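Q: take a look and give me a structure for this.
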Amino acid sequence: MSAAYDLVVIGGGIAGLTAAGRAAQAGLRVAVLERGTDEAYPCNSRYSGGILHIAFHNIREPASALLEVIDAATRGKAEPKLAKAFADNAARVVDWLRDEGVEFMSVGNIAYQQWVLAPRRPLTPGLDWKGRGADVAMRLLEKNLNKRGGEVFRGGNCWTRGSGRIFYFSPGHELYPIYHNPQIQRVIYNAVNWARPQGRPAEVPLHVPVENAPEKIHARGPIMHDASGKLVSGTR
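A: Here you go, the predicted structure:
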């Protein structure tokens, strides 16, 4: 993929889509790798209240004031150059998002809620995010990215289980057959190389009992073998 893209962004949250969109706007060929598989993949950005602020201060306060806010919030431990870049350019984020078509609203006279992605998500229990500000903004940013030649690849996950490797990938479907895309086929090719048998490290047992698995596993169906590798019969 390195031969086809100038920039690969890991994660398709609102920060990733913003970075990708701005890079594509500057003329770079951009790919976003997102582990979610749905069109509106759930993520922290979509779950959020969609409020743009800096440590509960208005993101459009003077840069000098924001720098003091960052210093106080981090107890002086923020990297100075990064903090200054953040304070100097924070307001530009709002301007750029508005130019992209993202809409904002304000909430009364609450200082840090003057730039809230619209429509606002109610501050109530539960995950009422579909069709709310962050969801609408992310859909729009992805659409704009696609118009500029950028691409979002969904559904890639890697796991290691004992001495084996697992790669999960969702390259489209019958109505969205992007699995014929050479770049998608390259991802699959690389995944096969990564997941191929590597040999068993000495410290990894050949068979890990279900109850000792790193992540909780519910055993169901036929039992193929026991912990020693001996074939057994029966079901769980």
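Q: may I have the beta-bridge partners of the closest residue to residue 35 other than its chain neighbours?
A: Excluding the flanking residues, the one nearest residue 35 by CB to CB, 6 or more residues apart in numbering is residue 157, at 5.5 Å. For every residue, glycine as well, the C-beta is placed using N, CA and C. Here residue 157 sits in beta bridges with residue 168, as judged by DSSP bridges.
Q: burial measure for residue 157, as a count.
A: Residues within reach of residue 157, counting by other CB atoms under 10 Å, total 12.
Q: show me what contacts it?
A: Under the criterion of CB atoms under 8 Å, 6 or more residues apart in numbering, the neighbours of residue 157 are 35, 167-169.
Q: widest-spaced pair of these?
A: Of all pairs drawn from the contacts of residue 157, the greatest distance, 11.7 Å, lies between 35 and 167 (CB to CB).
Q: what do these two both touch?
A: Common neighbours of residue 35 and residue 167 (CB under 8 Å, 6+ apart) are 156-157.
Q: compare these two (neighbour count), which wins?
A: Neighbours were tallied for residue 35 and for residue 167 using other CB under 10 Å; the higher tally belongs to residue 35 (18 against 15).
Q: and the pLDDT for the closest residue to residue 55 other than its chain neighbours?
A: Of all residues not flanking residue 55 in the chain, residue 73 sits nearest, at 3.9 Å (CB to CB, 6+ apart). Looking at residue 73, its pLDDT is 95.
Q: wait, doesn't residue 73 sit right on residue 57?
A: No: using CB atoms under 8 Å, residue 73 makes no contact with residue 57, being 9.0 Å away.
Q: more neighbours: which of those two?
A: Counted by other CB under 10 Å, residue 73 and residue 57 do not tie: residue 57 has more neighbours, with 18 against 15.
Q: identify the residues contacting that one.
A: 65-66, 69, 111-112.
Q: the closest residue to residue 104 other than its chain neighbours and residue 14, how far apart?
A: Among residues not flanking residue 104 along the chain, residue 115 sits closest, at 5.2 Å (CB to CB, 6+ apart). Computed as CB to CB, to the nearest Å, the residue 115 to residue 14 distance reads 13 Å.
Q: follow-up on the earlier one: residue 65 versus the residue nearest to residue 35, what's the distance?
A: 42 Å.
Q: where does residue 225 land on pLDDT?
A: The model reports residue 225 with a pLDDT of 62.
Q: against residue 60, how distant is the residue nearest to residue 35?
A: Plainly put, residue 157 is 39 Å away from residue 60 if you go by CB to CB.
Q: for the chain, which helix extends over the most residues?
A: helix 80-99 (DSSP state H).
Q: the bottom helix or strand of this structure by mean pLDDT?
A: Ranked by mean pLDDT, DSSP states H and E, the helix or strand of the chain with the weakest confidence is strand 156-161, at a mean of 74.
Q: nearest spatial neighbour of the residue nearest the centre of the chain, skipping sequence neighbours?
A: Among the residues of the chain, the one closest to the centroid is residue 11, at 3.1 Å (CA atoms, centre = their mean). In this structure, residue 11 finds its nearest non-sequential neighbour in residue 34, 6.5 Å apart by CB to CB, 6+ apart.
Q: ok, that neighbour touching residue 17?
A: No: between residue 34 and residue 17 there is no contact under CB under 8 Å: 9.2 Å.
Q: and stretch 108-120, what's its mean pLDDT?
A: For stretch 108-120, mean pLDDT is 93.
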